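Asks: just coords:
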């Protein structure tokens, strides 16, 4: 797979500079690039390392002085990081999924596969499942009873899609992702200690032990178009209605989305994020790695949660939040700075007490 | 699958009101219910939405005025959330696991399967494994050498049960759950930096690098009856004795239980909880999502950990804990409120210093 | 499998004491040991429980008075926990993987398997994959296109190795581990809210919604020799170059290593740790359970992170860190102690204000 600079520029709508017939076989970081690789020098600090490598061409920002960098050719992008998206798609050799149905796959005769679907070795497709045209079902995947996948899905190895789950077009799932496990919903015959703790905010007491009765998840999961889910991430089914995730939302690895949760469109949930049951999240929300949202809350549109933040109450639209419990980012920074001054403050107050006492103020 | 109101009432021991011959085909949230669906209106705030849907019957609380709500029939439950457990079990269509042994499953001839066991496509059952009567082994599961599953187990797709693991009756495992991975136990020839850090609480220093030697996990895992484990959760084997979890304890998704841990009965471990090696947890404990417990600790009966709390020392029975490090919930709330007042406190103390200085107190 | 005390002493280079011909069939904790089991009594507090069991022989520390403990024989180790590593390897019955290639495995004809490789039932080995001599590929594993595993690998059930991943010798992976999922890298056509939040540290605002474009991961993953990865852990591929982990580094369960991350040699990453994209970690670093490191940071050699710490800035070599955000352990302890005194401090300052006011200081 090789491309000329001119071909790439045409495909991605970028400006080609210099010898646009120069041919590249792959991409590389500037310091490690060989003479046939396109160096990814998307900012001046990256371009500074071009001299350590042997690249003859690079992806640069608009207006970059490529000649001064000793290059023979360049791609000039108004937003190079965005151009990287298209370029990486052109250059991706993928996982090598073969076309067609592997003979070892187990496909229920009542399942319906669209045109050009590929099913990998030892995959299982259950009864009445629908697989959209052009989808790739990787090795050892499972698509359950009556599950529906839209056109152009890509399931890497070992993905599990539960019964009755409905997924839109162009879905991508990394290895081990699970969509449609049962929700975690249990109830005791009498109110439990945890229920009482919520009511009283911390009243303690002994309590007689009770067994947990299981509330089955009768809902399923509905995912919009262009959703992506990371390795070993989990989206639980809803109790009565479906758990739902909107178009364009992306989940990283090891993310947990609880039962009944509704996540809007174009959100990013970074690795190890957890959203507890019945919480609603708006559109265009970004949750940093390891952040969490408690159950039955509302997080508005455009909210950004810093890494490892823990949301314990509703968040209005547009907020940048940080901390545990999460507060507005500037409040957090102010409180945090004050905390660092605490040991000195304690000494100051002790000195003041002594001084005031000497003045007779405490008598 | 459809049921009359009278049938449901009889099965669940509830009061039927109105036209008890009315037949329902499923359940729905009040605002989305069709005319043949039973609306789940378990509290007045849910019942208020009945008008938006078309339900003719609903699950309500005891004494609810169903006629006023425009219903033709009702199920009246003293604790509707508890009634939901039984109702959801009646209504659950499940994952469509077929009866019998799928021809693609690989079952070692020395494994013993009880009466009525179902084994899904491409599942593997190892040598000398024992599967209790009526169990369902889902597609692509693995049950290891000499592992034992009690009667009535339900393993969803892709569950991994390691060698010599012993599990009680009515076990449920969601997709990708792993029981019996090796414990994380390594040792250096000489005491390591982390060991010394524990001893000295933070004394730092350079140190010569050492390779980690692996301590193999010779123990296995023992789970009681009625245990449930969430998607992609992990329970490690013990080093010398078994890691153990008591009857009726439920684990949500992406939960980690380390080697040698002992968890009591009827606990709930919510999503992404982690319990480090050799910690003992009592009965009836509830751990909120993303909470964690450090290694070699003791957590007493009936303890409740708020979401994302991190336990760094032993917790007596009955405590409600919150924060990092976790403290009694009321202490946490008091400290937290004080922290929010910190920036103002700093200003107050600065003003006091100026005032006292003017009074001659600092001279 | 049984061994005499003399045989164990010779194999592990330990001192044998007493009846060294005594034969043991396994190991046990002191209180639970039978007469043919070797009691693991590696410290005086463990040895104190020997009386509750029936052990005739024990693993003890150098100089321990084994006769006084009523034993017939003993193994005396200068560092018993280290001796446990060798002993546990001798005693481990393993997972029962059979030798040879199981007939149900699907192995691409272009894959190359070294001498003595075992491939379990329903495993898939992709085109041009290389499996080193003596490796064990467990049931239902997947090794992708052009992936390379060094000699002596052990993959437990259901491990997923992506295309072009390169792994050194003696690799161990627990069930469900994923090496080589795609990185989580998305970009909007115009700068997004999260990008602007980073720039402005919290400036908020409305914003027009944008869809995320996917940056494909063109790099792979490179793991050194003697690396171990826990159950359901994930290591993502790099964007341009490989994500890389050095020799001897061990990852526990449910750990996340993001794209482009570089981790050094002989590190321990405990359960549920997360390292965000492009962060570099030195050698000999220990990260406690649930700790996290933000993206694009540097963590120096010999750093120790306490459990659940969250690193938001670079960490110099040798530091012991704790808290959120993580700070030097002693600073954290000092600040934390001061926080506990906050409610009292607030009362003190209120009293001072009153006293100073009475003295005329606030007028």
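Replies: Sure thing, it's come through. Small disclaimer: the values here were computed from a predicted structure and weren't measured.
Asks: go ahead and confirm residue A:180 touches residue A:222.
Replies: No. In this structure, residue A:180 is not within contact of residue A:222 by CB atoms under 8 Å, at 10.3 Å. Using the backbone N, CA and C atoms, a C-beta is placed for each residue, glycine as well.
Asks: between those two, which has more neighbouring residues?
Replies: Neighbour tally, residue A:180 and residue A:222, criterion other CB atoms under 10 Å in any protein chain shown: the higher count belongs to residue A:180, 31 against 19.
Asks: who's in contact with the more buried one?
Replies: Taking CB atoms under 8 Å, 6 or more residues apart in numbering or on different chains as the criterion, residue A:180 is in contact with A:144, A:147, A:160-165, A:220-221, A:235-237.
Asks: contact partners for residue A:16?
Replies: Applying CB under 8 Å, 6+ apart to residue A:16 gives the contacts A:5-6, A:8-9, A:73-76.
Asks: what touches both of residue A:180 and residue A:222?
Replies: Joint contacts of residue A:180 and residue A:222 (CB under 8 Å, 6+ apart) are residue A:165.
Asks: residue A:322 reaches residue A:306, doesn't it?
Replies: Yes. Between residue A:322 and residue A:306 there is a contact under CB under 8 Å: 3.9 Å.
Asks: find residues that contact each of those two.
Replies: Listed as contacting both residue A:322 and residue A:306 by CB under 8 Å, 6+ apart are residue A:329.
Asks: mind listing what's buried in the helix ranked longest in chain A?
Replies: The residue-count maximum for a helix in chain A (DSSP state H) belongs to helix A:342-358. Within helix A:342-358, the residues scored as buried using 16 or more other CB atoms under 10 Å in any protein chain shown are A:342, A:345-346, A:348-349, A:352-353, A:355-356.
Asks: also stretch A:76-94?
Replies: With the criterion 16+ other CB under 10 Å, stretch A:76-94 contains buried residues A:76-77, A:79-88, A:91.
Asks: now do stretch A:294-306
Replies: Applying a neighbour-count criterion of 16+ other CB under 10 Å, one finds A:294-295, A:297-306 buried in stretch A:294-306.
Asks: so what's the gap between it and the chain middle?
Replies: Distance, stretch centre to chain centre, for stretch A:294-306: 15 Å (CA atoms, centre = their mean, to the nearest Å).
Asks: span of that stretch from start to end?
Replies: One end of stretch A:294-306 sits 15 Å from the other (CA to CA, to the nearest Å).
Asks: show me the contacts for the residue in the stretch 51-200 of chain A positioned nearest to chain B.
Replies: Among all residues of the stretch 51-200 of chain A, residue A:145 sits closest to chain B, at 3.2 Å; criterion: CB to the nearest CB. Each residue near residue A:145 by CB under 8 Å, 6+ apart is listed here: A:126-129, A:163-164, B:95-96.
Asks: same thing but 10 Å
Replies: Residues near residue A:145 by CB atoms under 10 Å, 6 or more residues apart in numbering or on different chains: A:108, A:110-111, A:125-129, A:162-165, B:93-98.
Asks: is it located within a helix, as I assumed?
Replies: No. With DSSP: H, G, I helix; E, B strand; the rest coil as the criterion, residue A:145 is located in coil rather than a helix.
Asks: separation between residue A:14 and chain B?
Replies: Between residue A:14 and chain B the computed distance is 41 Å (CB to the nearest CB, to the nearest Å).
Asks: these two touch, right, residue A:226 and residue A:267?
Replies: No. At 11.9 Å, residue A:226 and residue A:267 do not qualify as touching, with contact defined as CB atoms under 10 Å.
Asks: neighbour count for these two, which is higher?
Replies: residue A:267 (25 against 22).
Asks: on the pLDDT front, check that one for me.
Replies: pLDDT, residue A:267: 98.
Asks: now, the contacts of residue A:16 that are in strands?
Replies: In this view, these that belong to strands under DSSP state E are A:73-76.
Asks: neighbour-wise, which of those leads?
Replies: Neighbour counts for the ones in strands among the contacts of residue A:16, by other CB under 10 Å, peak at residue A:74, which reaches 31 neighbours.
Asks: all helices of the stretch 151-300 of chain A, in order?
Replies: Applying DSSP state H, counting those that start in this stretch to the stretch 151-300 of chain A gives helices spanning A:193-200.
Asks: what about it, any weak spots by pLDDT?
Replies: Where the stretch 151-300 of chain A drops to pLDDT under 70, the residues are A:193, A:196-208.
Asks: picking up where we left off before, show me the two of the contacts of residue A:180 that sit farthest apart.
Replies: The most widely separated members of these, counting by CB to CB, are A:147 and A:236 (14.9 Å).
Asks: so between these two, which is more surrounded?
Replies: More neighbours surround residue A:236 than the other of residue A:147 and residue A:236, with 31 against 27 (other CB under 10 Å).
Asks: show me which residues of the stretch 1-150 of chain A are close to chain B?
Replies: Proximity of the stretch 1-150 of chain A to chain B (CB under 10 Å from any CB of the partner chain) is limited to residues A:104-108, A:121-129, A:140-147.
Asks: if we can go back for a sec, of the contacts of residue A:145, just the buried ones, ChimeraX syntax please.
Replies: This is the ChimeraX syntax for the buried subset of the contacts of residue A:145, where burial follows 16+ other CB under 10 Å:
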select /A:108,111,125,126,127,128,129,162,163,164,165 /B:95,96,97,98
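Asks: residue A:88 belongs to a helix?
Replies: Yes. Under three-state DSSP, residue A:88 falls within a helix.
Asks: contact partners for the spatially closest residue to it that is not a sequence neighbour?
Replies: Leaving aside its sequence neighbours, residue A:88 sits nearest to residue C:216 (CB to CB, 6 or more residues apart in numbering or on different chains; 3.7 Å). By CB under 10 Å, 6+ apart, the contact list for residue C:216 reads A:84-94, C:182-183, C:185, C:237, C:239.
Asks: 7 Å - rerun?
Replies: Residues near residue C:216 by CB atoms under 7 Å, 6 or more residues apart in numbering or on different chains: A:88-89, A:92.
Asks: that one and residue C:29, how far apart?
Replies: The gap separating residue C:216 from residue C:29 is 51 Å, by CB to CB, to the nearest Å.
Asks: for residue A:343, same thing?
Replies: Noted for residue A:343: a distance of 44 Å to residue C:29, by CB to CB.
Asks: can you check residue A:49 too?
Replies: To residue C:29, residue A:49 is 56 Å away according to CB to CB.
Asks: next: residue A:186.
Replies: For residue A:186, the distance to residue C:29 (CB to CB) stands at 33 Å.
Asks: circling back: which strands or helices does the longest helix of chain A pack on?
Replies: Secondary-structure packing of helix A:342-358 (3 or more CB pairs under 7 Å, 6 or more residues apart in numbering or on different chains; DSSP states H and E): helix B:342-358, helix C:329-340, helix C:342-358.
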